[in-house]
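Peer 1: Sequence and predicted structure are below.
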Amino acid sequence: MRRNILNNLVFLAMISLTVACKTKKKIVVVAPPVTGVAPVNSEKLETLNLLQSKDISYTTLSLKGKAKLEMNGNSNNVSINIRIRKDEGIWVSITGAFGIEGARALITPDSIKVLNKLQSVYLAKPFSYVHRYTNPQVTYKLLQSILSGNTIPEFMTEDANLTDKNGVWDINGAAADLAYRALFNTLFKVSEYELNDLKSARAMKVVYGDYQNMNGTLFPTALQINSMAGKQKIALNIDFSKVESNLLVEFPFNVPGKYEVID
């Protein structure tokens, strides 16, 4: 039982993660309606460059909000705090009822560490551990792009299929055994990702919304993640009430001596 709970937390942290009311009114930017007129840049590379130019530029991100987590029919409402140092690390803290922190995770390009504070257990694994739950093509940078609402560089290539559906761009293709699809709205921002492992019953869908201006670029403050790995189904809806960039962020992560290490 302990191991199952901890593994679920790890899986969620990988896809980042986890867990109800707004504390700050957001100024939301809504994508304009489809007009039937395609953008001026119609060549593939020009279009890919245009879409990538809408990515947010940052050195750090600090994201706070509320989330609803549904796992195999069980539902929980939690607070979530995510900090990112670009290309270095992702720190996640999950707090439940009465302000009690239940879990903390630290993900780097090389490793993943998870504290289950409710059961006083700890896990430390190489990053490749995430591939038990996802496709081997899933990398740290891919997770980082999903959390920030940015484009995924591996998908933005000449090999990808690119179509324009009345001003909404559709990019799809396959990287090894990972089939992918990315939809871009009329703000030229990613509105949806679909990832499917072609060799196993593993899939993930990410939907973005409620864009907020952050230093001249748009950041999605609503994030929905639906994932399936075998019989395990997870749905996560996050509403970020506070988003900040380029601040000093800390990654506190201390393992008490009494914690049991889980393999």
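Peer 2: Ah, there it is.

Peer 1: Strands along the chain, start to end?
Peer 2: For the chain, strands defined by DSSP state E occupy the ranges 60-71, 74-85, 89-95, 101-107, 111-116, 121-126, 161-165, 168-175, 178-184, 190-197, 202-214, 217-229, 232-245, 260-261.

Peer 1: would CSV of the ones you listed with distance to N254, mean neighbour count and mean pLDDT be doable?
Peer 2: Backbone N, C-alpha and C define where each C-beta goes, glycine included. Listed next are those as CSV, based on distance: least, Cβ to Cβ, whole Å; neighbours: other Cβ atoms under 10 Å; pLDDT from 0 to 100:
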stretch, distance to N254, mean neighbour count, mean pLDDT
strand 60-71, 20, 19, 93
strand 74-85, 16, 18, 93
strand 89-95, 13, 22, 95
strand 101-107, 9, 22, 94
strand 111-116, 9, 21, 94
strand 121-126, 10, 16, 93
strand 161-165, 47, 13, 91
strand 168-175, 37, 18, 92
strand 178-184, 35, 20, 95
strand 190-197, 34, 21, 94
strand 202-214, 31, 18, 93
strand 217-229, 28, 20, 92
strand 232-245, 24, 18, 92
strand 260-261, 14, 10, 92
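
Peer 1: Burial check on A97, number of neighbours?
Peer 2: The local packing count at A97 equals 10, with neighbours defined by other Cβ atoms under 10 Å.

Peer 1: returning to that earlier point: include distance to Q137 when you put the strands of the chain into CSV, please.
Peer 2: Output for the strands of the chain, formatted as CSV (distance: least, Cβ to Cβ, whole Å):
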stretch, distance to Q137
strand 60-71, 23
strand 74-85, 21
strand 89-95, 18
strand 101-107, 17
strand 111-116, 17
strand 121-126, 16
strand 161-165, 17
strand 168-175, 5
strand 178-184, 4
strand 190-197, 9
strand 202-214, 11
strand 217-229, 15
strand 232-245, 19
strand 260-261, 29
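
Peer 1: Nearest to Y133, out of these?
Peer 2: strand 217-229 (4.9 Å; Cβ to Cβ).

Peer 1: That'll do, ta.
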